[in-house]
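Trainee: curious how this folds, go ahead:
(one chain, ligands or ions: 1)
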Amino acid sequence: MFKDRDLRKLCEDSFENVKRDMENLKVKHTDQQKEIDQLKEKLLNLYGILTDVQAQNADPVATPEPKQERKSKDFVVSMKSGKVHQRECFFARKIDPRHRLLFDAKIDAVNEGYAVCNACA
Ligand SMILES: [Zn+2]
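Mentor: Now for the predicted structure:
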């Protein structure tokens with residue numbers, strides 16, 4: 001069995017160990033806190049850059065005029081296959097002009113009973 005003196009020594013040693021561990025953890029924590037602060041700063045910088053880029057891009061994209069030009073007759077139906085294609089579709093270009101119908105909107109062609117092309121839908 002431990003004598004009183006041994007026990008006290010053991011307690012003191014343990015206490016010292018715990019104290020040292022806590023000091024180490026404190027240092028570690030301070031380091032991590034510094035790292036977090038640095039990352040926060042970086043993030044804020046990036047957010048600032050992002051906001052600038054968004055502000056620069058916002059105006060030109062917002063003008064809707066070119067879209068209106070493209071809107072007319074953008075869809076092509078083949079009366080032979082019964083399919084409706086986007087005008088740029090590979091198959092749309094193959095349609096014989098005699099079998100070709102043009103539509104402003106895909107939904108208009110679908111409402112008339114034409115099926116949507118699998119390649120360009
Ligand atoms: Zn197609």
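Trainee: could you give the average pLDDT over the longest helix seen in the chain?
Mentor: When the chain is scanned for its longest helix (criterion: DSSP state H), the result is helix 4-62. Predicted confidence along helix 4-62 averages 87 (mean pLDDT).
Trainee: and for stretch 81-93?
Mentor: When pLDDT is averaged along stretch 81-93, the result is 95.
Trainee: can you give me the end-to-end distance of that stretch?
Mentor: The first residue of stretch 81-93 is 13 Å away from its last residue (Cα to Cα, to the nearest Å).
Trainee: enumerate the residues of the chain near the ion.
Mentor: Those residues of the chain that sit near the ion, judged by Cβ under 5 Å from the ion, are His85, Cys89, Phe91, Cys117, Ala119, Cys120. Backbone N, C-alpha and C define where each C-beta goes, glycine included.
Trainee: need the buried ones from those residues selected in PyMOL.
Mentor: Below is the selection syntax for PyMOL that covers the buried ones among these, with 16 or more other Cβ atoms under 10 Å defining burial:
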select buried, resi 85+89+91+117+120
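Trainee: secondary structure added to the residues of the chain next to the ion, as CSV?
Mentor: Listed next are those as CSV, based on DSSP: H, G, I helix; E, B strand; the rest coil:
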residue, secondary structure
His85, strand
Cys89, coil
Phe91, helix
Cys117, coil
Ala119, coil
Cys120, coil
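Trainee: which of the residues of the chain next to the ion lies closest to Phe103?
Mentor: Proximity to Phe103 was ranked across the residues of the chain next to the ion by Cβ to Cβ; first place goes to His85, at 10.0 Å.
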